[in-house]
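Colleague: Got a predicted model here, sequence first, then my questions.
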2 protein chains.
Amino acid sequence: MGASRAIRVGTPVEALETPVLVIDIDAMERNLARMMSILAGTGLSLRPHLKTAKSPALAQMMIRAGAVGVCCAKLSEAEVMANAGITDILLTSEVAGVGKFERLVGLAGWVPNFKAVVDNAHAIRAIAGLSRAQGVTTKLLIEVDVNTNRSGVVSAQEALALADLIAETEGVELLGVHGYAGHAQIRPMETREPVNEAAMTTLEEAVELLREHNHSIPIVTGGGTGTSELDAARGVLNELQAGSFLLMDTAYRDAGVPFELALRCRSTIISRPAPDRAVCDAGQKTMSHDAGPPEVEGRPGVTYRRGSDEHGSLIVDPALLDRPLEVGDVISLVPSHICTTVNLHDVFVGARNNVVEAVWPIEARGHIW
Amino acid sequence: MGASRAIRVGTPVEALETPVLVIDIDAMERNLARMMSILAGTGLSLRPHLKTAKSPALAQMMIRAGAVGVCCAKLSEAEVMANAGITDILLTSEVAGVGKFERLVGLAGWVPNFKAVVDNAHAIRAIAGLSRAQGVTTKLLIEVDVNTNRSGVVSAQEALALADLIAETEGVELLGVHGYAGHAQIRPMETREPVNEAAMTTLEEAVELLREHNHSIPIVTGGGTGTSELDAARGVLNELQAGSFLLMDTAYRDAGVPFELALRCRSTIISRPAPDRAVCDAGQKTMSHDAGPPEVEGRPGVTYRRGSDEHGSLIVDPALLDRPLEVGDVISLVPSHICTTVNLHDVFVGARNNVVEAVWPIEARGHIW
């Protein structure tokens, strides 16, 4: 559907039409190795969140490196990954509605280690009823709100009530708890540590109460790129849901996490109307702006000012240019928020030594349902 | 590619899985009729911009209602529309790079009334060279910056220099000027009128200078949803590039344009963790936030606070609720910015009397290249 875009392996990166997302495979592999070394021997396993990369190829690469499974944000994203042969999938958002519950139980039926989070009795009862009808047992985790003010039960007592309900209900099985401290991830370390500590203490209290009441809680899952080292040291979680570490963005770089920028969007200068201005072909439909505009790399004197739908407006300081900036020049843009940027694209180009080595479809792009 | 989503004609809207974009076809048809009546007899024709709807079906519907052709923001968007049989297409963004110039001349070769904007001599020479090699004449419009500080030549003299270059260069033909006052569109009427007037005066000066120098300027194109009535009265433009009027959003509604909201995103409540909070399944990957969060319609006491990637966090004022808000309830969200929201989705559901009448692929979704 739509117009086709052929990108050939072996093409020099400089020859690619723009805009195009290019992954530096070496840098990506270093990020993955770095994450595995941070977690090695700590009891914390990697369960990468695929709402970031949205690509089965990259998911399988992380599993080959030692990830125990993956996280997905939406059922349709989980369906993409299951269809690609991934067998250990945690759905980290609640769902509701009969069609959604049916699809969730469908995955529980044929994907060996599929599991989903819940935070309310309605969902537990609906999932259990469909599971019984289907002859399957659906694995569930209870989401605990670790001070994010979003989804999840807001007290250990509520978690216990749901755990008791799951235990007494045929068709569902309690596998653990999920508590994602999203508000702790992108902060200066001075506040990241205490905010994450408070979150993990909340989660720990819930886990302890559930275990005191004889609930087996094999999985305690949460965390992300920003708290990976803290979570490895803290010992509450046994699964880390990091996703951004693989490709990275300027928000996480500015927060000082130990991973390198591994993805750029190449964009062409299409207009150079005045000495202090230029326009490139990457606007807000190409680079998300929810964490600010993207950053221009390697062109001193050139700054991304703001994106329209399809135009990127650049400020040029002619005194700082190391060479003329001309119509047809290609610049490298680094995303400010990798998750929402990747979701705008259909393919990653993977390159090594500036030659295309792979074209990876972003198959779960736009899979919001 | 990806997981499949079957939506059947005849389904009641209430039974659709969420999130899903639903067009009120009656409202859309009224918007189109209203636009045609605003323009009737004024000498201003409609050339709708498809960077908004991105759907050949809706494009053809506007052409059947009297639009003289369409605008596209990207070559790949134009390729989608050309492939759907649309023969009068204006590309409103400059392009650069040999691959892009080749594709542009390719369209000029087989699409009868394809034309593109330029704002620099480099592009004119490159397009002309490829056009001669291909044996075609490519139709061009000169983009004039009407105080947007984005692309376009910044003076009438520069426009004249490019017009002279086009006139003396074999392979290209001057068809008019393009000046889009994007900065005038979404403003209170007190400032919209003077800002648009200044823009149209700038454009008028360029047109007059070109005509004084014996350049034929059959097309003077620009304008949008916000300035449609002003542009119809002013008489500089003979083509209006409005796009948002068809489906609308809260930004344009708040600016007081004479069109009605015709698109909603249906979203399900997936978590109800506290009396004053709820979470729905539409976050920033479903509803763009660059013009603010979406608006909850028809549920007093429920406000969309902020979107995460995949969650919409809602504030609930229990005292204002007219009925309980529960997990599984479906709410209607109105987009704040229709262009960037539509670009996140693969299909529109068209409904009349709350029954699905059509499923329209958003074929140019993500076509940024």
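Modeller: On my side now, so go ahead. Numbering: from 1, shown residues only, chains lettered A, B, ... in the order given.
Colleague: Of all the residues in the stretch 101-250 of chain A, which one is nearest chain B?
Modeller: Closest residue of the stretch 101-250 of chain A to chain B, Cβ to the nearest Cβ: A:Ser151 (3.6 Å). In short, each C-beta sits where N, CA and C put it, glycine included.
Colleague: pLDDT at that residue, what is it?
Modeller: A:Ser151 carries a pLDDT value of 98.
Colleague: does it really touch B:Arg272, like I thought?
Modeller: No - using Cβ atoms under 8 Å, A:Ser151 is not in contact with B:Arg272, being 9.1 Å away.
Colleague: which neighbours do these two share?
Modeller: Shared contacts of A:Ser151 and B:Arg272 (Cβ atoms under 8 Å, 6 or more residues apart in numbering or on different chains): B:Val279.
Colleague: Those two - which one has more neighbours?
Modeller: Shown here are A:Ser151 and B:Arg272; by other Cβ atoms under 10 Å in any protein chain shown, A:Ser151 has more neighbours (27 against 23).
Colleague: Could you say which helix or strand holds A:Phe114?
Modeller: Taking DSSP states H and E as the definition, one finds A:Phe114 inside strand A:113-118.
Colleague: and that strand, C-alpha only, in CSV?
Modeller: Below are the C-alpha coordinates for strand A:113-118, written out as CSV (Å, rounded to 0.1, in the frame of the first residue of the first chain):
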residue,chain,number,x,y,z
ASN,A,113,5.0,-17.4,27.8
PHE,A,114,2.6,-14.6,27.1
LYS,A,115,1.5,-12.6,30.2
ALA,A,116,-0.3,-9.4,30.8
VAL,A,117,-0.7,-6.8,33.5
VAL,A,118,-4.0,-6.0,35.2
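Colleague: Can you name every helix or strand that it contacts?
Modeller: On a contact count with 3 or more Cβ pairs under 8 Å, 6 or more residues apart in numbering or on different chains; DSSP states H and E, strand A:113-118 meets strand A:88-91, helix A:98-110, helix A:121-134, strand A:138-143.
Colleague: And these: which comes nearest B:Leu46?
Modeller: B:Leu46 sits nearest to helix A:98-110 of all those, at 38.9 Å, using Cβ to Cβ.
Colleague: Do I have it right that A:Leu90 meets A:Lys139?
Modeller: No - A:Leu90 is beyond contact range of A:Lys139, at 9.1 Å (criterion: Cβ under 8 Å).
Colleague: Between these two, which has more neighbouring residues?
Modeller: A:Leu90 (26 against 19).
Colleague: Show the model's pLDDT score for the nearest residue to the more buried one once chain neighbours are set aside.
Modeller: Take A:Leu90 and drop its neighbours on the chain: the residue closest to it by Cβ to Cβ, 6 or more residues apart in numbering or on different chains is A:Cys71, 4.9 Å away. pLDDT for A:Cys71: 98.
Colleague: Now for A:Cys71, how many residues are close by?
Modeller: A:Cys71: 27 surrounding residues under other Cβ under 10 Å.
Colleague: Assign a three-state SS to it, would you?
Modeller: With DSSP: H, G, I helix; E, B strand; the rest coil as the basis, A:Cys71 sits in strand.
Colleague: bridging residues for it?
Modeller: Here A:Cys71 shows beta-bridge partners A:His49, A:Leu90, assigned using DSSP bridges.
Colleague: now swap in A:Glu173 and tell me
Modeller: For A:Glu173, the beta-bridge partners are A:Lys139 (DSSP bridges).
Colleague: now A:Ala233: how far from A:Asn147?
Modeller: Using Cβ to Cβ, to the nearest Å, A:Ala233 is found at 19 Å from A:Asn147.
Colleague: Tell me which of the two has more neighbours.
Modeller: A:Asn147 (20 against 12).
Colleague: hang on, that one packs against A:His183?
Modeller: Yes - here A:Asn147 lies in contact with A:His183, judged by Cβ under 8 Å, at a distance of 6.8 Å.
Colleague: spatially speaking, which residue is in the middle of chain A?
Modeller: A:Thr52 (3.0 Å; Cα atoms, centre = their mean).
Colleague: Tell me which helix or strand it sits in.
Modeller: Here A:Thr52 is assigned to helix A:50-53, by DSSP H and E.
Colleague: OK, contacts around the closest residue to A:Leu107 other than its chain neighbours?
Modeller: With sequence-adjacent residues excluded and distances taken as Cβ to Cβ, 6+ apart, A:Leu107 is closest to A:Phe114, at 4.6 Å. A:Phe114 makes contact with A:Ala78, A:Ala82, A:Thr87, A:Asp88, A:Ile89, A:Leu91, A:Leu107, A:Ala108, A:Lys139, according to Cβ under 8 Å, 6+ apart.
Colleague: Which of those residues are buried, as a ChimeraX select command?
Modeller: Buried residues among these (16 or more other Cβ atoms under 10 Å in any protein chain shown), as a ChimeraX selection:
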select /A:78,82,88,89,91,107,108,139
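Colleague: wouldn't the residue nearest to A:Leu90 be in contact with A:Gln241 here?
Modeller: Yes - assessed by Cβ under 8 Å, A:Cys71 is found in contact with A:Gln241 at 5.0 Å.
Colleague: which residues do these two both contact?
Modeller: By Cβ under 8 Å, 6+ apart, the residues touching both A:Cys71 and A:Gln241 are A:Arg47, A:Pro48, A:His49, A:Thr92, A:Thr221.
Colleague: so how many other residues sit close to the fourth one?
Modeller: Close neighbours of A:Thr92, defined as other Cβ under 10 Å, add up to 26.
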